[in-house]
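**Student:** The following comprises the amino acid sequence and a computationally predicted model.
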Amino acid sequence: MKSYQTKSLCPECKQLIDAEVFTKDNKVFMKKKCKKHGNFMCLLSSDAEYYENSLRFNKPGQRALHYETKVRKGCPDDCGLCPAHKQHTCLALIDITEQCNLNCPNCFASAGKGKHLTLKQIETMLDQLIKCEGKLDVLQISGGEPTIHPDLIKIIKLARKRPIRMVMINTNGLRIAQDKAFVKELAKFKAGFEIYLQFDGFKKETYKKLRGKDLRDIKLRAIENLAEAQIPITLVATIKKGVNEDEIGSIVRFALKTEWIRGITFQPITFVGRYDKDFDPKDRTTATCVIKAIEEQTQGLFKKSDFVPLPCPYPLCCSLTYAYVKNGKPMPITRNLDIDKYYDYVSNQIAFDPKRIIQKALARFPKLETFKALQDFSCCVPVKRLMLSRKERRDYANNTLRIVVKPFMDAYTFDIKRIEKCCIHFILPDKRLIPFCAHNILYRPKCQ
């Protein structure tokens, strides 16, 4: 891979500075120099070939319907979104509270004490999202720990009244494990609702190092309660070098055999918020480390070639695969599908839906070409899937697993190219939409 120039941040003063991305020993690094604080270098990828191949999947973005701020200083100082931003909002987050019932040693939000948002504030924020998007793919209700907000059920109802395809609750699972009546209330929301559950592994030491206490029983009880209530689950694992990289395969196998787990999101740890300051940015877990571990630790149930960049954000921001699971064994969709043929159909959206892809094909191609598309998808998604009842679709979806590898950025890995095309945005009480990584590094207020 040829080196290229970009803009990054000084990890000390957070000022925008020049940076170079280059390859060495089949790894990708970034180096930069701040006039005040000197030289910095960090690891971006442990696999230069995969990194370079990902860049070819960069697709043109889609403009938002409304912009709250103007272009004045340039990225990332004009966030709001400004008209220079290259992608609309696919996934929006609302931090409904700064409070948390844990005090994790690693927390990009530095959550703990703080205040709750009011229902009036949240309604205004939801209305702003619809003003900017018309219809929203995914809303994540987050925090802090959102389940401790006294009006959470009301907040979900407010979201469900608006044209939002999927509502997720980002949670550590403590209340879900301990309060079955609360889980029963959540189960009333049915289709278009999912729990995004923090789940870092199975070892006692993993939780002590990442969460400050042994939460293994809590996590398993939360999953048991959600499955009993038939609420879809995505497991969200923070992966830290030397802590739980060896548990990646076990998490995948657990998801394959556990009913109502619809997805796994692996997030290599980012050094923002509250974290262990004693780390080496040149020796860290990257997205390609996770993908390699998935292949090796599952003995090839999933392979590196099964993972492709999501063409909605900048292609280095997210790699994923979908698989149909039968008798505990996955059939990744990318093994039977020429993904290059259909990449345009999944651009500018973060949620994968074969039905919508086929509808796009029908609008663009003759019947013969559309029939070929149906044949391609039927390898993993039976054609009759498109005509099933709601109950049948839900039953079928429970046998589909997505695995996402999402390497968020910190000040060391910050690349302006990725921020400019980010499609995951925080909505703030002042109506601004801020790209996820820019918010965590530059805009997030410190909790009291």
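**Tutor:** Yes, it's here. Numbers count the residues shown, from 1 in each chain.

**Student:** Give me the three-state assignment for residue 330.
**Tutor:** Assigned with DSSP: H, G, I helix; E, B strand; the rest coil, residue 330 falls in the strand class.

**Student:** Kindly report the same for residue 157.
**Tutor:** Going by three-state DSSP: residue 157 is helix.

**Student:** what residues are up against it?
**Tutor:** Residue 157 makes contact with no residue, according to CB atoms under 8 Å, 6 or more residues apart in numbering. Where C-beta positions appear, they are placed from N, C-alpha and C, glycine not excepted.

**Student:** by contact count, what packs against the top helix by length along the chain?
**Tutor:** Looking across the chain with DSSP state H, the single longest helix is helix 119-133. For helix 119-133, the elements it packs on are strand 91-95, strand 136-142, helix 152-160, strand 424-427, strand 433-435, judged by 3 or more CB pairs under 8 Å, 6 or more residues apart in numbering; DSSP states H and E.

**Student:** ok, and which of those has the densest surroundings?
**Tutor:** strand 433-435 (a mean of 27; mean count of other CB atoms under 10 Å).

**Student:** for the protein, which spans come out with low pLDDT?
**Tutor:** Low-confidence segments of the chain (pLDDT under 70): 337-398, 446-448.

**Student:** Pull out the buried residues from the helix or strand containing residue 20.
**Tutor:** Element membership of residue 20 [criterion: DSSP states H and E] is strand 16-24. Neighbour counts using 16 or more other CB atoms under 10 Å place 16-17, 19, 21-23 of strand 16-24 among the buried residues.

**Student:** ok so, going back, and for the longest helix of the chain, what's in contact with it?
**Tutor:** Residues contacting helix 119-133 (CB under 8 Å, 6+ apart): 64-68, 81, 88-89, 92, 94, 96, 117, 136, 139, 151, 154-155, 158-159, 162-164, 427-429, 431, 433.

**Student:** C-alpha coordinates for it, PDB please?
**Tutor:** Below are the C-alpha coordinates for helix 119-133, written out as PDB (Å, rounded to 0.1, in the frame of the first residue of the first chain):
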ATOM      1  CA  LEU A 119     -38.900  14.000  28.300                       C
ATOM      2  CA  LYS A 120     -39.300  17.400  26.700                       C
ATOM      3  CA  GLN A 121     -35.600  17.500  25.700                       C
ATOM      4  CA  ILE A 122     -35.800  14.000  24.300                       C
ATOM      5  CA  GLU A 123     -38.900  14.800  22.200                       C
ATOM      6  CA  THR A 124     -37.200  17.800  20.800                       C
ATOM      7  CA  MET A 125     -34.200  15.600  19.900                       C
ATOM      8  CA  LEU A 126     -36.300  12.900  18.300                       C
ATOM      9  CA  ASP A 127     -38.100  15.500  16.200                       C
ATOM     10  CA  GLN A 128     -34.800  17.000  15.100                       C
ATOM     11  CA  LEU A 129     -33.700  13.500  13.900                       C
ATOM     12  CA  ILE A 130     -36.800  13.100  11.800                       C
ATOM     13  CA  LYS A 131     -36.300  16.700  10.400                       C
ATOM     14  CA  CYS A 132     -32.800  15.700   9.300                       C
ATOM     15  CA  GLU A 133     -33.600  12.200   8.000                       C
END
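
**Student:** if we can go back for a sec, check the offset of the strand holding residue 20 from the chain's centre.
**Tutor:** 25 Å (CA atoms, centre = their mean, to the nearest Å).

**Student:** which residues in the stretch 1-150 of the chain form helices?
**Tutor:** When assigned using DSSP state H, counting those that start in this stretch, the helices of the stretch 1-150 of the chain occupy the ranges 48-54, 119-133.

**Student:** Pipe those helices into TSV and attach distance to residue 145 and mean neighbour count per row.
**Tutor:** Shown next, in TSV, are those (distance: least, CB to CB, whole Å; neighbours: other CB atoms under 10 Å):
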stretch	distance to residue 145	mean neighbour count
helix 48-54	34	18
helix 119-133	16	17
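
**Student:** Need the ones you listed in CSV (columns: distance to residue 12).
**Tutor:** Output for the helices of the stretch 1-150 of the chain, formatted as CSV (distance: least, CB to CB, whole Å):
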stretch, distance to residue 12
helix 48-54, 26
helix 119-133, 33
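
**Student:** quick one on the thing from earlier: nearest to residue 416, out of the helices and strands packed on helix 119-133?
**Tutor:** strand 433-435 (10.7 Å; CB to CB).

**Student:** In its sheet, which strands sit next to the closest one, and in what direction?
**Tutor:** strand 424-427 (antiparallel) (DSSP bridges).

**Student:** still on that earlier bit, any residues touching the strand holding residue 20, and which ones?
**Tutor:** Taking CB under 8 Å, 6+ apart as the rule, strand 16-24 contacts 1, 3-10, 28-34, 44, 48, 76, 415-416.

**Student:** how does it look with 6 Å?
**Tutor:** Here strand 16-24 makes contact (CB atoms under 6 Å, 6 or more residues apart in numbering) with 1, 3-8, 10, 29-32, 34, 48.

**Student:** cool, and stretch 81-99?
**Tutor:** With CB under 6 Å, 6+ apart, stretch 81-99 has contacts from 61-62, 64, 67, 69, 71, 114-117, 125, 129, 133, 137-144, 146, 148-149, 312, 349-350, 420-421, 423-427, 433, 447.

**Student:** list the contacts for residue 317?
**Tutor:** So residue 317 contacts residue 418 (CB under 6 Å, 6+ apart).
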